[in-house]
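Can you look at this prediction? I've put the sequence above it.
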Protein chains: 2
Amino acid sequence: MISTRGRYAIRVMLDLAEHNNGSYIPLKDIADRQGISKKYLEIIVKEMVSGGLLVGASGKGGGYKLVRTPEEYTIGEIIELMEGSLATVACLADGAAPCPRASACETLPLWVEYDKLTHDFFYSKRLSDLL
Amino acid sequence: MISTRGRYAIRVMLDLAEHNNGSYIPLKDIADRQGISKKYLEIIVKEMVSGGLLVGASGKGGGYKLVRTPEEYTIGEIIELMEGSLATVACLADGAAPCPRASACETLPLWVEYDKLTHDFFYSKRLSDLL
DNA sequence: TAATTTACCTATTGACATAGTAGGTTAATA
DNA sequence: TATTAACCTACTATGTCAATAGGTAAATTA
């Protein structure tokens, strides 16, 4: 299941894209429009800045801004950053310990196939596709 | 992420399919072969019986058995039973409260599309495909 | 009938993730 | 210098996951 972290992150980016006027947009405005707790969004947006999706500016006139055009973001990279991984089973997650049963596992090919389906789906979608 | 409940359930069914000799197979044998705690499998198998995937028999000579041929089980129904739902976001889960933002939600179509992809994938796979 | 085998049942636990809340400090602008 | 807004650390309630523990009931066989 995709959690609020990934889902809210996409909504923040869509909001930024739609209200883009060249200057920074305060988080308060986004939180109000989206009906999401500003305090909670702070945590999410912080990760987005450190992950290079957004840029933030402090002080009056500050806020957040996209660093690329909506065409240049894939949904996959946003979810992957926010959820840690978009793996669908634990044994295929990024930092997962290698499974000793892997070579004999009859279910592994199923998970690999679904994982590829998921990966391809989200990396083929761009932020601009949702506008 | 698909949890051990769904994954172990599939492995139990594959094990039953492969060791099917017409009689009941004790859970202990399955647990030993699969390297999974028998106590934990009890919980999982219980749900599978009440969900109609398996049939159990007590006493000596007892154990578990498939109730259909492997061709007649879809992976989707197994996962859906064990995980409660195979929805990929909370707002699309089975007993979910209707989202007040649904009609205006710009991300909903994305989740619906991914949800359909997931549903179609797992319901197109049969237990026999993994043998 | 007694011993054995096996399913079936209830309860509990430790670890972790999720979805926040609370309250402050730093930085930039008007 | 007042204000705005990001940035930072810490805390918390709730729930799920993956088991474990210790029994009872049912069926077979010696």
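Looks like it arrived, so ask away. Since the model is a prediction, treat every value here as computed from it, not as a measurement.

Quick one: the strands in chain A, in order.
A:54-57, A:63-66 (DSSP state E).

most packed of the ones you listed?
The highest mean neighbour count among the strands of chain A, using mean count of other C-beta atoms under 10 Å in any protein chain shown, belongs to strand A:63-66: a mean of 20. Backbone N, C-alpha and C define where each C-beta goes, glycine included.

and that strand, what does it pack onto?
Under the contact criterion of 3 or more C-beta pairs under 8 Å, 6 or more residues apart in numbering or on different chains; DSSP states H and E, strand A:63-66 touches helix A:4-18, helix A:27-34, strand A:54-57.

To DNA strand C, which of the strands of chain A lies closest?
Nearest to DNA strand C, of all these, is strand A:54-57, at 6.2 Å by C-beta to the nearest atom of the strand.

That closest one near DNA strand C anywhere?
Yes: contact of strand A:54-57 with DNA strand C (C-beta under 7 Å from any atom of the strand) involves A:A57.

Let me know the distance separating the residue in chain A sticking out farthest from the centre from B:T69.
Going by C-alpha atoms, centre = their mean, the residue of chain A most distant from its centre is A:A104, 34.1 Å out. For A:A104, the distance to B:T69 (C-beta to C-beta, to the nearest Å) stands at 24 Å.

And for A:K60?
70 Å.

Spit out the contact partners of the closest residue to DNA strand D within chain A.
Closest contact between chain A and DNA strand D, by C-beta to the nearest atom of the strand, is at A:G56 (2.8 Å). Counting by C-beta atoms under 8 Å, 6 or more residues apart in numbering or on different chains, A:G56 touches A:Y24, A:V45, A:V49, A:G62, A:G63, A:Y64, A:K65.

can I get the strands of chain A in TSV with mean pLDDT?
Below are those laid out as TSV (pLDDT from 0 to 100):
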stretch	mean pLDDT
strand A:54-57	98
strand A:63-66	98
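
mind putting the ones you listed in CSV, distance to B:L110 included?
Listed next are those as CSV, based on distance: least, C-beta to C-beta, whole Å:
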stretch, distance to B:L110
strand A:54-57, 20
strand A:63-66, 18
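
so which of the ones you listed gets nearest B:P109?
When the strands of chain A are compared by C-beta to C-beta, strand A:63-66 sits nearest B:P109, at 21.1 Å.

is the closest one up against DNA strand D anywhere?
Yes: judged by C-beta under 7 Å from any atom of the strand, strand A:63-66 comes into contact with DNA strand D at A:G63, A:Y64.

For that strand, give me every contacting residue.
A:12-13, A:16-17, A:20, A:23-27, A:29-30, A:45, A:49, A:53-57, A:73.

please redo it, this time with the cut-off set to 7 Å
A:13, A:16-17, A:20, A:24-27, A:45, A:54-57 (C-beta atoms under 7 Å, 6 or more residues apart in numbering or on different chains).

Tell me how many other residues crowd A:F122.
By other C-beta atoms under 10 Å in any protein chain shown, 20 other residues sit near A:F122.

my bad, A:D120
For A:D120, using other C-beta under 10 Å, the count is 12.

ditto for A:G52
11.

quick one: stretch A:8-25 near chain B?
Yes: judged by C-beta under 7 Å from any C-beta of the partner chain, stretch A:8-25 comes into contact with chain B through A:I10, A:R11, A:L14.

For that stretch, which residues meet the burial criterion?
Across stretch A:8-25, burial judged by 16 or more other C-beta atoms under 10 Å in any protein chain shown covers A:Y8, A:A9, A:I10, A:R11, A:V12, A:M13, A:L14, A:D15, A:L16, A:A17, A:Y24, A:I25.
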